[in-house]
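Model the following, please.
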Amino acid sequence: MLVENLMIQKVYTLKPTQTLFDAEELMRSRRIRHIPIVDDKNHLVGLITEQDLKRAMPSSLLTTERNSLNNRRVEEFMITDVLIGHPLDFVEETALLFFEERIGCLPIVSQGELVGILTDTDILFNYIELTGAHKPSSQIELRTDDRIGILSRVTTICAEHRASIISLLVYPDTTNPAKKIISIRVKSISPQPIIDDMRKEGFELLWPNLPSM
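Take a look at the predicted model:
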């Protein structure tokens, strides 16, 4: 998936000369935590976040001190060394950037202009959608040998039971390099027949793995 399919295109922005009060009000009214700062040509020049505002105006300040800060310009407190993304970047690679750089948002720029913004919440929701966790379904986790044909057999068993696969993830088994973990979510509330056939095939069931199963 590309960033352009996930990014928020309606971006709330401020100009560098606007005030901390403007930033605080915009965050409160639009329920956002990050505001890109742009010039008159919509070129990104900075970024101010909820954390920046809290550092600039801590709750411990007296009312008079806080009022004096309200009129200070955003450009005095914004981040100017901003990491950016492009609409044609892959979401998976962008998610890695979020993790490695510990960022909460990524302004998306194309041909020098701000065209969108991507937040950590968008990335998380995308993961939820990809896994199908928000849909009525059942999850099955298997430990299998890391060899050709395993996935084909897993999907065939599901097809034999007319169970539609909502998502299928494969990741390494940290305890055994020769094994893989297959996490599969099927559109079935009663997956017991599928589980029985998975066991007959020799797959090690990790979930559900209760005594009654």
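
Just say helix, strand or coil for the closest residue to Pro172 other than its chain neighbours.
Using CB to CB, 6 or more residues apart in numbering and skipping residues adjacent in sequence, the residue nearest Pro172 is Lys180, 6.6 Å away. Yep, even glycine has a C-beta here, placed from its N, CA and C like the rest. Put simply, Lys180 is strand when judged by DSSP: H, G, I helix; E, B strand; the rest coil.

Tell me, how many residues neighbour Lys180?
Per other CB atoms under 10 Å, the neighbour tally for Lys180 reads 18.

and if you look at Arg31?
6.

swap in Met1?
12.

related to what we said a few turns ago, what distance do you get for the residue nearest to Pro172 to Thr49?
39 Å (CB to CB, to the nearest Å).

Can you show me the strands along this structure?
34-38, 44-49, 105-110, 113-119, 138-145, 165-172, 179-186, 204-207 (DSSP state E).

Arg72: which of those strands is closest?
Ranking the strands of the chain by proximity to Arg72 (CB to CB) places strand 44-49 first, at 11.6 Å.

Just list what the closest one packs against, helices and strands only.
Judged by 3 or more CB pairs under 8 Å, 6 or more residues apart in numbering; DSSP states H and E, the packing partners of strand 44-49 are strand 34-38, strand 105-110.

just the angle between it and strand 105-110, please?
If you take axes from the mean of the first three to the mean of the last three CA atoms, to 10 degrees, strand 44-49 sits at 160 degrees to strand 105-110.

So in this protein, where's the weakest helix or strand by average pLDDT?
Lowest on mean pLDDT, DSSP states H and E among the helices and strands of the chain sits helix 63-70, with a mean of 74.

residue contacts, the residue positioned nearest the centre of the chain?
Centre of the chain computed as the mean C-alpha position; nearest residue by CA atoms, centre = their mean is Ile123, 1.4 Å away. By CB atoms under 8 Å, 6 or more residues apart in numbering, the residues touching Ile123 are 6, 91, 94-95, 98.
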